[in-house]
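Novice: Whatever this is, show me its structure:
(one chain, ligands or ions: 2)
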Amino acid sequence: MKGGYDHFMQKEIHEQPESLLQTMRGRVQFQRPAVGNPYLTQRVKLGGLVEHGATVSRCRRIMLVACGTSFHACLATRQTLEEMCEVPVVLELASDFLDRRCPIFRDDTCFFLSQSGETADTLRSLEYAKAHGALCVGVTNTVGSAISRMTHCGVHLNAGYEIGVASTKAYTSQILAITMMALQLPPPRVTKHTRFPPPLPPPAPQAYTSQILAITMMALQLAEDSISKRERRDCIIDELGQLPGKVRSTLMLDSAMLELAESLKGASSLLFFGRGYNYATALEAALKVKEVALIHSEGILAGEMKHGPLALVDKHMPIVVIATRDGMYKKMESVIQQLLAREAQLYILCNEGDESMKAYEAKGCKLIQVPETVDCLQPVINIVPLQLLSYHLTVLRGLNVDQPRNLAKSVTVS
Ligand code: UD1
Ligand code: M6R
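Specialist: Ligands and ions are numbered 1, 2, ... in the order given. So this is what the prediction gives:
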């Protein structure tokens, strides 16, 4: 069952090159199409979005609703959706969404992310949004789950069973699924907002040919609508093809993370600083560490550092700073300098071959070097060594990896 691994969490971390490939299988055309061939311009095709894709593109607001790790996947992909769809994207923790009875409109599109597809608060939020007339899109790993059945449309992750209570491979597949959605959904060509149309009649046998027609038209329309974004989309799709291989080489950091865990196993607190795409990485790494290794841990938005968290920093405080090369790089470098000035024990997660970051080794910092990819996919790679770190911390502390105390895999009551 554990395929030679000691624990399910360990197995699931190491399965990620394959689970990511499964999430993309049959949905992404990795080869760039021949120039001038309009029928091959749609390089991402999620079957589950075909019917309602145009409605999503025309909506006034996208809401991403989830709990726990699935919420972090929402945070990691928000910027990509905003960039590709040019629609405001808001994030909602399902419990808070329900507590507030958040206002919902008929021209909202609500995405519900859930590995299990059964999480009570996410499911109740879906019922609420559906009753208020929003288009409801599921992103689930479990075919036939309540969320998969109740949403109007959606995408299955196809990442395979996740058994360890700590979610790992579902997280990286969720990031991929939303990124693929963003690539598939073009910005609205007509900015006039329309209402959510009435439900379609049940599919008839001829629906098949209509679907083929719809897909062909969509492919043509996508190419037409998004010329200004085509280069960026091509670049992201090219990197999707490289991603499983890059995650595989990131997994080679396993023994380095075991060594790091040896030095951190006695820590009473561990902080993770990130911003931009990697604020989600900081939150998710902290959740993993507290959930399984039972060490107090916080993910901190680096931009908020001076508004409180800096007071915690001294020479006894271990901090992981996520400083891979993206638009936030310079700002993260300045964060590193400010933390060093307070003598923090720094572990810098940076890209391989980054000479500027290497210079910090002389100042006592330790580097975690990962392969580079396009900015919006970098969180998929960056979380991997931190998953390994939390796994090794847990084993070294003699704790239950797959069944952490007080937690259940699926939270089916609020
Ligand atoms: C589907 C088939 C897959 C087949 C492929 C071939 C299923 C589950 N998937 O995959 O076996 O190889 O076509 O074309 O039969 N959905 C929701 N909510 C969710 C998730 C999905 O409503 O949370 C809906 C989708 O809108 C879609 C259906 O479930 O109508 C299947 O979704 P998905 O498995 O993602 O579709 P395909 O990748 O096209
Ligand atoms: O099945 P879901 O994705 O809806 O679960 C949501 C959370 O309960 C879940 O991600 C939880 O936070 C994990 N144990 C985190 O590792």
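Novice: give me the element residue 51 is part of.
Specialist: For residue 51, there is no enclosing helix or strand under DSSP states H and E.
Novice: My read is that it contacts residue 137, right?
Specialist: No - at 10.9 Å, residue 51 does not count as touching residue 137 under the criterion of C-beta atoms under 8 Å. For the C-beta atoms, the positions are set from N, CA and C on the backbone; glycine is no exception.
Novice: Now do the shared contacts for these two.
Specialist: Residues touching both residue 51 and residue 137 (C-beta atoms under 8 Å, 6 or more residues apart in numbering) are residue 153.
Novice: More neighbours: those two, which one.
Specialist: Between residue 51 and residue 137, counted using other C-beta atoms under 10 Å, residue 137 has the larger neighbour count: 25 against 15.
Novice: in which helix or strand would I find the residue of the stretch 251-400 of the chain at minimum distance from ligand 1?
Specialist: Ranked by C-beta to the nearest ligand atom, the top residue of the stretch 251-400 of the chain for proximity to ligand 1 is residue 380, at 19.1 Å. Here residue 380, judged by DSSP H and E, is contained in helix 378-396.
Novice: Residue 55 now?
Specialist: Here residue 55 is assigned to helix 53-58, by DSSP H and E.
Novice: Same check on residue 63?
Specialist: Per DSSP H and E: strand 61-66 holds residue 63.
Novice: Tell me which strands that strand pairs with, and in which orientation.
Specialist: Partners of strand 61-66 in the sheet, by DSSP bridges, are strand 89-93 (parallel), strand 108-114 (parallel).
Novice: Pull the contacting residues for the residue nearest to residue 396 when sequence neighbours are not counted.
Specialist: Among residues not flanking residue 396 along the chain, residue 265 sits closest, at 4.5 Å (C-beta to C-beta, 6 or more residues apart in numbering). Residues in contact with residue 265, defined by C-beta under 8 Å, 6+ apart, are 393, 396, 397.
Novice: hmm, 10 Å instead?
Specialist: Contacts for residue 265 were tallied using C-beta atoms under 10 Å, 6 or more residues apart in numbering; they are 293, 295, 392, 393, 394, 395, 396, 397, 398.
Novice: Equivalent analysis for residue 89, please.
Specialist: When contacts are counted by C-beta under 10 Å, 6+ apart, residue 89 touches 61-64, 74, 77-83, 109, 111, 182.
Novice: what bridges to it?
Specialist: With DSSP bridges as the rule, residue 89 is bridged to residue 62.
Novice: do the same with residue 272
Specialist: Note on residue 272: beta-bridge partners by DSSP bridges are residue 299, residue 320.
Novice: sorry, back to before: of the contacts of residue 89, which count as buried by neighbour count?
Specialist: 61-64, 74, 77-81, 109, 111, 182 (16 or more other C-beta atoms under 10 Å).
Novice: In TSV: those, plus distance to ligand 1 and pLDDT.
Specialist: Formatted as TSV, those follow (distance: C-beta to the nearest ligand atom, whole Å; pLDDT from 0 to 100):
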residue	distance to ligand 1	pLDDT
61	20	95
62	15	94
63	15	97
64	13	96
74	14	95
77	16	94
78	19	94
79	23	93
80	19	92
81	17	90
109	13	95
111	9	95
182	16	89
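Novice: Which two of those residues have the greatest separation?
Specialist: Within these, two members stand farthest from each other by C-beta to C-beta: 79 and 109, at 17.2 Å.
Novice: where in the chain is pLDDT low?
Specialist: Applying pLDDT under 70 to the chain picks out residues 36-41, 186, 188-226.
Novice: tilt between the longest helix anywhere in it and helix 378-396?
Specialist: Longest helix in the chain by number of residues (criterion: DSSP state H): helix 230-250. Helix 230-250 runs at 20 degrees relative to helix 378-396, counting by axes from the mean of the first three to the mean of the last three C-alpha atoms, to 10 degrees.
Novice: send the alpha carbons of helix 230-250 over as PDB?
Specialist: The C-alpha coordinates for helix 230-250 follow below in PDB (Å, rounded to 0.1, in the frame of the first residue of the first chain):
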ATOM      1  CA  ARG A 230      -0.500  34.500 -26.300                       C
ATOM      2  CA  GLU A 231       3.200  34.800 -25.700                       C
ATOM      3  CA  ARG A 232       2.800  34.600 -21.900                       C
ATOM      4  CA  ARG A 233       0.300  31.700 -22.200                       C
ATOM      5  CA  ASP A 234       2.700  29.800 -24.500                       C
ATOM      6  CA  CYS A 235       5.500  30.400 -22.000                       C
ATOM      7  CA  ILE A 236       3.400  29.000 -19.100                       C
ATOM      8  CA  ILE A 237       2.200  26.000 -21.100                       C
ATOM      9  CA  ASP A 238       5.800  25.200 -22.200                       C
ATOM     10  CA  GLU A 239       6.800  25.300 -18.500                       C
ATOM     11  CA  LEU A 240       3.800  23.000 -17.600                       C
ATOM     12  CA  GLY A 241       5.600  20.400 -19.700                       C
ATOM     13  CA  GLN A 242       8.800  20.800 -17.800                       C
ATOM     14  CA  LEU A 243       7.200  20.800 -14.400                       C
ATOM     15  CA  PRO A 244       7.000  17.100 -13.400                       C
ATOM     16  CA  GLY A 245      10.700  16.800 -14.300                       C
ATOM     17  CA  LYS A 246      11.600  19.800 -12.200                       C
ATOM     18  CA  VAL A 247       9.600  18.500  -9.300                       C
ATOM     19  CA  ARG A 248      11.400  15.200  -9.600                       C
ATOM     20  CA  SER A 249      14.800  17.000  -9.300                       C
ATOM     21  CA  THR A 250      13.500  19.000  -6.400                       C
END
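Novice: Packing partners of it?
Specialist: Taking 3 or more C-beta pairs under 10 Å, 6 or more residues apart in numbering; DSSP states H and E as contact, the helices and strands that helix 230-250 lies on are helix 8-14, helix 16-24, helix 68-85, helix 169-184, helix 207-225, strand 366-370, helix 378-396.
Novice: Reformat those as a markdown table; add distance to ligand 2.
Specialist: Listed next are the helices and strands packed on helix 230-250 as a markdown table, based on distance: least, C-beta to the nearest ligand atom, whole Å:
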| stretch | distance to ligand 2 |
| --- | --- |
| helix 8-14 | 9 |
| helix 16-24 | 14 |
| helix 68-85 | 2 |
| helix 169-184 | 6 |
| helix 207-225 | 29 |
| strand 366-370 | 21 |
| helix 378-396 | 10 |
